[in-house]
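Chemist: I'll drop the sequence and a predicted model, then ask my questions.
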Amino acid sequence: MSVSRTYDAVVVGSGPNGLAAAVELARNGMRVAVLEGRSIIGGGTRSAQITLPGFVHDLGSAIHPLGYASPFFRLLPLEDHGLKWIHPQAPLAHPFDDGEAAVLERSIGATAARLGHDAVAYRRLMEPISADAGRIAGFFVGRPSLLRHPLALASSGIRSLRNAEGLARSLFEGERARSLFAGNAAHSFLPLDRSPSAMFGLLLGTLGHAFGWPFPKGGSQALADALASYLASLSGEIYTGAPVRSVDDVPRTRAVLFDVTPRQLLDIAGEHFTEGYCGALKRYRYGPGVFKVDFALDGPVPWEAEGCARAGTVHLGGTLEEVTAGESAVARGEHPERPFVLLAQQSLFDPTRAPEGKHTVWAYCHVPNGSTFDMTGRIEAQIERFAPGFTDLILDKRAAGTADLERWNPNLVGGDINGGYMDLRQLFTRPMPRLNPYSTPAGGLYICSSSTPPGGGVHGMCGYLAARSALRYLA
Ligand SMILES: Cc1cc2nc3c(=O)[nH]c(=O)nc-3n(C[C@H](O)[C@H](O)[C@H](O)COP(=O)(O)OP(=O)(O)OC[C@H]3O[C@@H](n4cnc5c(N)ncnc54)[C@H](O)[C@@H]3O)c2cc1C
C-alpha cells in the first residue's frame with residue numbers, strides 16, 4: 001500500500017485514541033491520514049463473529065463508562081454517525097456464595113439500600129463526587145464550571161491515592177460494600193493493597209451513578225466506525241493494511257502521532273530520539289495481562305442472585321479477601337485458582353448481538369504479563385459457581401491468551417490491555433516524566449496511545465490531548 005499525498009498530520013494506528021487524535025486535528029482544519037496496520041480499524045474497540053454465525057463478540061473493550069463520560073467524545077456528533085449507546089438496567093452486579101448480590105444501580109440510594117449498615121457511608125462517599133462528575137469531566141476539554149462540593153472532592157482526591165483494601169475496610173463494615181468497591185478497584189490491575197487502586201474503585205462507582213456503564217449497540221466496533229465516519233465527513237482519510245515499521249513508511253507530513261506503546265515507538269522511531277528518551281522508553285513497565293474467553297450460549301446465564309440478570313457487567317470474585325488474594329497472586333506471577341472474573345452480557349440488552357433466544361458472554365481475568373497458562377476452565381468454574389447450569393448452555397467458545405491478544409493487536413504487550421502499568425509512578429507520568437508527555441524529543445513526532453495520560457480505557461482523551469499538543473506545533 002502506498003500513500004502518496006502530503007498531509008499536515010499522520011496518525012499511526014486506529015484505536016480509539018488514534019481516531020480521537022485524527023478527529024481533533026481534522027476538526028481544526030488539518031489535512032489528516034490514519035494508517036492502520038490491520039485490515040479493520042478500531043484497535044481495542046473491534047467486534048466480530050468469532051464463534052458461531054450471528055454471535056457478535058467484542059474482541060477488546062465491551063463496557064464503556066469512560067467512553068460514554070469522555071468529555072471529548074461528548075463534544076462529537078457520534079450519534080449522527082451511527083453510534084447508539086445502550087444502558088443496561090443496572091451497571092454492575094457482584095454476587096456472593098449465599099445467593100445474594102450487591103448491585104451498583106444508577107441510583108445511589110437504591111445501591112445503598114442493599115448495603116445494610118453501610119448504606120449511610122456509601123451515600124456519604126458517592127453523593128458529592130457523583131454530583132460533580134460532569135463538571136470535573138468538562139474541565140479536561142476546557143469547559144470549567146464551579147464545583148458543588150469542592151471540599152468533599154478534595155477529601156475524595158486524597159482517599160483515591162490510598163490502596164483499595166485499606167480504604168474499603170476503613171469506610172465499610174460489611175462484606176457487600178467492601179466487595180463491591182474491591183471489584184471496581186481491581187480494574188486497576190494493581191494488587192488491592194497497593195495505591196492508587198482506590199482511585200479505580202471511586203472512579204468506576206462514580207461513573208456508574210453519574211453516567212452509567214453503557215455499551216454501543218451492535219458492538220464496540222460501532223464506536224470506532226462512528227469516529228471513522230465523522231473523520232471522513234471532515235475529509236480525514238484512513239488507510240488499512242498499512243503497518244508502519246519505520247518513520248520512512250509514513251507519507252510526507254509535518255507531524256506524526258503514534259497510537260502505539262513505548263516498545264513499538266522505540267522500534268519505529270528510536271533513531272530520531274535522544275539517548276535519554278530511548279532509555280526511558282526501554283524502562284517503561286507493562287502490567288499484568290488478561291486471559292479472555294468469549295462464549296456463544298443457548299440461553300441467558302442462569303444467575304442465582306437477583307440483580308445479576310439486570311446488570312450489563314457482573315464481577316465474579318466473592319469477598320474482598322478473595323478478590324484481594326487473587327489480584328495479589330497475579331502480581332506475584334501466579335495464576336489464582338479462583339480468579340477475579342469480569343463478565344459482560346451485552347446480548348441481554350442488545351438483540352443485535354446474538355440470534356433470537358441465544359446469548360453472548362464476554363469474560364476475562366488477570367494473569368501475569370506474557371502468561372501462557374490456559375485459564376478457560378477456571379473462568380468457567382467461577383461463572384458456574386454463581387450461575388449453576390452455565391456450562392450446559394455453552395454452544396461454542398473462543399479463548400485468547402496473552403500471545404493471541406498481542407498477535408491480534410501489537411499494543412497489547414504481554415496481554416497488558418492498558419498500554420502499561422498504572423501504578424502511582426506511571427499513571428500520571430507515562431511514558432516518562434516530561435512536561436508534555438505527548439511530545440518526543442524529535443520535533444513533530446508524538447505519542448497518543450493509552451501509554452500517555454490519562455492511561456488505559458476507551459475514552460479518546462490521550463488522543464485528544466496529544467492532538468492539542470500537535471496543533472500548537474502545527475500553528
Ligand atoms: C480484552 C480487552 C478488554 C478490554 N475491556 C475494556 C472495557 O470494557 N472498557 C474500556 O474502556 N476499555 C477496555 N479495554 C481497553 C481498551 O480497549 C484500550 O485501553 C484502548 O483500546 C486503547 O486505545 P488506543 O487507541 O490507545 O490503542 P488500541 O486500541 O490498542 O489501538 C492501537 C491500534 O494501532 C494499530 N497499530 C499498532 N501498531 C501499529 C503500527 N506499527 N502500524 C500501524 N498500526 C499499528 C493496532 O493495530 C491498533 O488498531 C479492553 C482491552 C482489551 C484488549
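Modeler: Noted; the coordinates are in hand.

Chemist: I'd like the next helix or strand past the longest helix that the chain contains.
Modeler: With residue count as the measure and DSSP state H as the assignment, the chain has helix 119-139 as its longest helix. The helix or strand immediately downstream of helix 119-139 is helix 150-160, counting by DSSP states H and E.

Chemist: which helices and strands does that next one pack with?
Modeler: The contact analysis (3 or more Cβ pairs under 8 Å, 6 or more residues apart in numbering; DSSP states H and E) places helix 150-160 against helix 119-139, helix 197-210. C-beta here means a position set from N, CA and C on the backbone, and glycine is covered the same way.

Chemist: now that helix: average pLDDT?
Modeler: Across helix 150-160, the average pLDDT comes to 79.

Chemist: same question, stretch 413-430
Modeler: The average pLDDT within stretch 413-430 is 95.

Chemist: who's in contact with G312?
Modeler: G312 makes contact with 63, 87-88, 90-92, 213-215, 344-346, 348-349, according to Cβ atoms under 8 Å, 6 or more residues apart in numbering.

Chemist: okay, it: pLDDT?
Modeler: You'll see G312 listed with a pLDDT of 98.

Chemist: just checking, it is part of a strand?
Modeler: Yes. Under DSSP: H, G, I helix; E, B strand; the rest coil, G312 sits within a strand.

Chemist: the ligand: which of the contacts of G312 is nearest?
Modeler: Proximity of those to the ligand (Cβ to the nearest ligand atom) peaks at I63, which lies at 4.3 Å.

Chemist: show me the contacts for that closest one.
Modeler: Shown in contact with I63 (Cβ under 8 Å, 6+ apart): 213-215, 312-313, 344.

Chemist: can we see that at 7 Å?
Modeler: By Cβ atoms under 7 Å, 6 or more residues apart in numbering, I63 lies in contact with 213, 215, 312-313, 344.

Chemist: now, the contacts of G312 that are in strands?
Modeler: 90-92, 215, 344 (DSSP state E).

Chemist: list the contacts of the worst-scoring helix or strand of the chain on mean pLDDT.
Modeler: Every helix and strand of the chain was ranked by mean pLDDT, DSSP states H and E. The lowest is helix 150-160, at a mean of 79. For helix 150-160, the surrounding residues in contact (Cβ under 7 Å, 6+ apart) are 128-129, 132, 147, 167, 196, 198-199, 202.

Chemist: and the residues you listed, which two are furthest apart?
Modeler: L147 and L167 (21.7 Å; Cβ to Cβ).

Chemist: mind checking which of the two has more residues around it?
Modeler: Taking neighbours as other Cβ atoms under 10 Å, L147 and L167 compare with L167 leading, 25 against 16.

Chemist: not counting its neighbours along the chain, what's nearest that one?
Modeler: Closest residue in space to L167, ignoring its immediate chain neighbours: A198 at 4.3 Å, by Cβ to Cβ, 6 or more residues apart in numbering.

Chemist: residue contacts, that neighbour?
Modeler: 159-160, 162-164, 167, 185.

Chemist: swap in K397?
Modeler: Contacts of K397 (Cβ under 7 Å, 6+ apart): 51, 293-295.

Chemist: pick out whichever of these sits closest to A305.
Modeler: Among these, F295 lies closest to A305 (Cβ to Cβ), at 19.4 Å.

Chemist: buried residues of stretch 395-405, list them for me.
Modeler: 397-402, 405 (16 or more other Cβ atoms under 10 Å).

Chemist: now, which of these lie within helices?
Modeler: 402, 405.

Chemist: from the buried residues of stretch 395-405, pick the one nearest the ligand.
Modeler: L405 (5.8 Å).

Chemist: that closest one contacts G415, correct?
Modeler: Yes. L405 is within contact range of G415, at 5.2 Å (criterion: Cβ atoms under 7 Å).

Chemist: circling back to that earlier point, which of the contacts of I63 tops the neighbour count?
Modeler: Going by other Cβ under 10 Å, F215 tops these with 30 neighbours.

Chemist: so it makes contact with I86?
Modeler: Yes. Contact criterion Cβ under 7 Å: F215 and I86 qualify, at 5.8 Å.

Chemist: need the contacts of helix 150-160 in CSV with pLDDT and distance to the ligand, can you?
Modeler: Formatted as CSV, the contacts of helix 150-160 follow (pLDDT from 0 to 100; distance: Cβ to the nearest ligand atom, whole Å):
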residue, pLDDT, distance to the ligand
P128, 90, 25
I129, 89, 19
D132, 82, 22
L147, 76, 25
L167, 95, 23
P196, 92, 18
A198, 93, 19
M199, 92, 15
L202, 93, 17
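
Chemist: I'd like those residues written out as a markdown table, with distance to E304 added.
Modeler: Listed next are the contacts of helix 150-160 as a markdown table, based on distance: Cβ to Cβ, whole Å:
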| residue | distance to E304 |
| --- | --- |
| P128 | 35 |
| I129 | 32 |
| D132 | 37 |
| L147 | 42 |
| L167 | 29 |
| P196 | 34 |
| A198 | 30 |
| M199 | 32 |
| L202 | 29 |
